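> Here's my sequence, what's the structure:
(chains A and B)
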There are 2 protein chains.
Amino acid sequence: MHNQFSEQDRQFMQMALDLAALGRFTTTPNPSVGCVLVKNGEVVGRGFHFKAGEPHAEVMAMREAGERAKGATAYVTLEPCSHFGRTPPCAKGLIDAGVACVVAAMEDPNPQVAGKGLAMLAEAGIESAVGLLQEKAELLNQGFLKRMRTGLPFVRLKMGMSIDGRTAMASGESKWITGEASRRDVQVERATSSAILSTAQTVVADDPRLNVRWEQLPAAVQQYYPLSSLRQPVRVIMDRQHKVLPTHQLFQIPSPVWLVSDRHQNPRDFPEFCEKISLNTELNQAYLLALMQELGQRQINTLWVEAGAALAGALIDADLVDELIVYIAPKLLGDQARGLCHLSNLTKLTDAPLWKLSHTMQIGDDVKLVYQRKHKLKK
Amino acid sequence: MHNQFSEQDRQFMQMALDLAALGRFTTTPNPSVGCVLVKNGEVVGRGFHFKAGEPHAEVMAMREAGERAKGATAYVTLEPCSHFGRTPPCAKGLIDAGVACVVAAMEDPNPQVAGKGLAMLAEAGIESAVGLLQEKAELLNQGFLKRMRTGLPFVRLKMGMSIDGRTAMASGESKWITGEASRRDVQVERATSSAILSTAQTVVADDPRLNVRWEQLPAAVQQYYPLSSLRQPVRVIMDRQHKVLPTHQLFQIPSPVWLVSDRHQNPRDFPEFCEKISLNTELNQAYLLALMQELGQRQINTLWVEAGAALAGALIDADLVDELIVYIAPKLLGDQARGLCHLSNLTKLTDAPLWKLSHTMQIGDDVKLVYQRKHKLKK
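Got it, this is the predicted structure:
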């Protein structure tokens, strides 16, 4: 097989990546994967993974291709799996279908796969190549990949602020700092997340529902993500002081809530979809790390954080944030207004956490900036 | 003449606008103007105004065209002038050269012109049309146009901050919040400004030179703006408490400094290029308005403000800022760090000044956001 990928290879892999993205709202805890089968330069099969328990991308593509899979090249966005999960291994499926070669965008870091899928293909005499459009494939599954590599979810911290970095007036008045377009964008961000993290403080102050409102998703998303398939992210609420009440709006929507506290649990009765989680640590930073480990074990790939300056700062202090998503409203609130994040240990400019701007986007009257953490996660 | 402008008209006017922009560093207090002469669809003359006292755009274009100006169409970015200034009126020049018609991007609001140039052409039997690419022509001369219309300079407030809107650590430590690319961009912004406004407080704290360093301008700018033509903006320093000393770096560069105070002037001896200006007002807001009126009378078209949170806030409170230029460094400084602007009168969110994002640009590791004031200037 070619060491250098051709322009045509790139186009087919891009097609597979586009297919994979169709599953981005629903595949968690699985990765989003796309597959294109090509024979004599012609696409004979396309597939993507939609939901855990449903067919993998390769299976869907082979179903479309039928007999034409024989001798075809498979472009997959992630190494084909080698293990029996809820479905049989895809590597075996590709072998049985007589595929001639496999191009994967990247290896699957899942310890159950991690090169074994490719090895299985090689044993069967099927050529394979890895690394085509790998960067794009990484972006598609940031959460899954981070969890596989570190055991922790990929943490995205949402910040809504004025031009001068303020989230509320000194009085606490804060409704609608950012505009409607940004709030719709937040719906999309929530919809792609495995879970949403917030605090009892925010629940008490704003009484939010923290769910995905399908009707607020863009029409282009609704088209391939029907209401009937809507997946609600798990709502994770830090509630060590037991301030959350069953009467809060959270519980008007029958979808999972995880109430996190230390050894002592919130004593109230909550609906069945609410689970109480106890973390057995006391120190604040260790508590946050323990929370992330717990969420990782519970297969949370991406965590979307909507909270106040205290949790935002504590997560940053603990170096647990992978991405900042900053919505800036075209207003100035002045230096008496409330700040964005409380960083307790920072006194020297050179110690300030560094980020890398990954993109900017105008959203209605607001601007959205996305930053990624610059240095490697401490472990 | 055509009421509807053709695509070709638009192209020639764009050419004139591009020419005009070549003068943007040097024409103050005059406007930047470009002119293209076209005969039988062919460009026969091009000109732009470079510097007060030197030929106007139309004259340069007519010089290039020579005899070919006869019967040509002139595309000018601003109505040809009708008055004798340091040069004779351009409207007359166009008439004498036998130009057949004139297309102007906009009328000149200068009360000495204001339609008289076009009237002069009409009297001589020359057709004219106004309004082609007017919006772009307005942008080119925001400062000149605002001064002609209101007597005040166009005020651009520079803000350099962290993601969370902070300018310095609580200790005051602040050097190099933004990156080198942003600092180079600031050089270009300074270079296009008629004057730079700062405060004695900033001079005492940072001892800046507040000049244009030609060697830091981008190569593309240096190419048409040689060091020999370098114009230094006037440095205007608010110094009511007489804190500025002759030993400050400002005075190491022999180019105009205006030291502004109230009736009582800084008693020290300063170099000849330093002028002391007395404003005869006491109240803070009235003082700032009086300052702007004084600068308008002194023919300052655009004022670039580099100062701290106090002046920034006071200018915003007084509704004297036309544009915010925000450089955001990819850092978080936390809510103990120093804020961007002190707004003294703001307690309700609905009273927060509103802005309109006009563009975003990635500059090195930083992002630059430009906002324009949303409501009309109070007068």
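
> measure the nearest residue to residue A:97 once chain neighbours are set aside to residue A:82 for me?
Spatial nearest neighbour of residue A:97, excluding adjacent residues (CB to CB, 6 or more residues apart in numbering or on different chains): residue A:69 at 4.1 Å. Any C-beta I mention is one placed from the backbone N, CA and C, and that applies to glycine too. In this view, residue A:69 and residue A:82 are 19 Å apart by CB to CB, to the nearest Å.

> okay, those two: which has more neighbours?
Shown here are residue A:69 and residue A:82; by other CB atoms under 10 Å in any protein chain shown, residue A:69 has more neighbours (24 against 21).

> backbone phi and psi for the more buried one, please?
Main-chain torsions, residue A:69, degrees, to the nearest 10: phi -70, psi -30.

> mind listing what the closest residue to chain B within the stretch 101-250 of chain A touches?
When you check the stretch 101-250 of chain A against chain B by CB to the nearest CB, the closest residue turns out to be residue A:165, at 2.1 Å. Listed by CB atoms under 8 Å, 6 or more residues apart in numbering or on different chains, the contact set of residue A:165 reads A:339-340, B:161-166, B:339-340.

> buried stuff in the helix or strand where residue A:95 lies?
Element membership for residue A:95 (DSSP states H and E) is helix A:90-96. Buried residues in helix A:90-96, counted by 16 or more other CB atoms under 10 Å in any protein chain shown: A:90-95.

> And it, what does it pack against?
Helices and strands touching helix A:90-96, by 3 or more CB pairs under 8 Å, 6 or more residues apart in numbering or on different chains; DSSP states H and E, are helix A:57-65, helix A:116-123.

> With distance to residue B:106 added, can I get those in a markdown table?
Formatted as a markdown table, the helices and strands packed on helix A:90-96 follow (distance: least, CB to CB, whole Å):
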| stretch | distance to residue B:106 |
| --- | --- |
| helix A:57-65 | 58 |
| helix A:116-123 | 66 |
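
> Mean neighbour count, these: which tops it?
helix A:57-65 (a mean of 24; mean count of other CB atoms under 10 Å in any protein chain shown).

> Run through who's touching that one.
Helix A:57-65 is contacted from outside by A:16, A:19-20, A:33-37, A:39, A:44-49, A:55, A:69, A:72, A:74, A:76-77, A:80, A:87, A:90, A:93-94, A:97, using CB under 8 Å, 6+ apart.

> Show me what from the stretch 151-300 of chain A comes close to chain B.
Contacts of the stretch 151-300 of chain A with chain B, taken as CB under 8 Å from any CB of the partner chain, map to A:159, A:161-166, A:168-171, A:173-175, A:177.

> please redo it, this time with the cut-off set to 6 Å
A:164-165, A:169, A:173 (CB under 6 Å from any CB of the partner chain).

> Return the closest of these with respect to residue A:189.
Nearest to residue A:189 out of these is residue A:165 (CB to CB; 20.1 Å).

> picking up where we left off before, got the residues of the stretch 151-300 of chain A next to chain B as JSON lines, with pLDDT and secondary structure columns?
Below are those laid out as JSON lines (pLDDT from 0 to 100; DSSP: H, G, I helix; E, B strand; the rest coil):
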{"residue": "A:164", "pLDDT": "91", "secondary structure": "coil"}
{"residue": "A:165", "pLDDT": "90", "secondary structure": "coil"}
{"residue": "A:169", "pLDDT": "79", "secondary structure": "coil"}
{"residue": "A:173", "pLDDT": "72", "secondary structure": "coil"}
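
> The most centrally placed residue in chain A: what's it in contact with?
Nearest to the geometric centre of chain A sits residue A:302, at 3.3 Å (CA atoms, centre = their mean). Neighbouring residues of residue A:302 by CB atoms under 6 Å, 6 or more residues apart in numbering or on different chains: A:143, A:154, A:193-194.

> And stretch A:245-256, what's buried?
Buried, per 16+ other CB under 10 Å, within stretch A:245-256: A:248, A:250-251, A:253, A:255.

> next one: stretch A:29-41
With burial defined by 16+ other CB under 10 Å, the residues of stretch A:29-41 counted as buried are A:30-39.

> and the nearest residue to residue A:65 once chain neighbours are set aside, how many neighbours does it have?
Leaving aside its chain neighbours, residue A:65 sits nearest to residue A:45 (3.2 Å; criterion: CB to CB, 6+ apart). Here the number of neighbours of residue A:45 (other CB under 10 Å) works out to 25.

> is it true that residue A:45 touches residue A:37?
Yes: counting by CB atoms under 6 Å, residue A:45 does reach residue A:37; the two are 3.6 Å apart.

> pLDDT weak spots in the stretch 251-379 of chain A?
Residue ranges of the stretch 251-379 of chain A with pLDDT under 70: A:282-285, A:375-379.

> which residue ranges form the helices in it?
Applying DSSP state H, counting those that start in this stretch to the stretch 251-379 of chain A gives helices spanning A:284-297, A:309-317.

> orientation of the last one relative to helix A:284-297 in degrees?
The reference is to helix A:309-317. Taking axes from the mean of the first three to the mean of the last three CA atoms, to 10 degrees, helix A:309-317 and helix A:284-297 form an angle of 80 degrees between their directions.

> Now tell me what touches stretch A:88-95 from outside.
A:56, A:58, A:74, A:80-83, A:117, A:120-121, A:124.

> now do 8 Å
A:56-59, A:62, A:74, A:76, A:80-83, A:102, A:116-118, A:120-121, A:124, A:126.

> Tell me who's in contact with residue A:121.
With CB under 8 Å, 6+ apart, residue A:121 has these contacts: A:80, A:91, A:94-95, A:102, A:127-128.

> actually residue A:341, not the one I typed
Counting by CB under 8 Å, 6+ apart, residue A:341 touches A:159, A:309, A:312-313, A:316, B:164, B:332, B:334-335.

> The same query, at a cut-off of 7 Å, please.
A:309, A:312-313, A:316, B:164, B:332, B:334-335 (CB atoms under 7 Å, 6 or more residues apart in numbering or on different chains).
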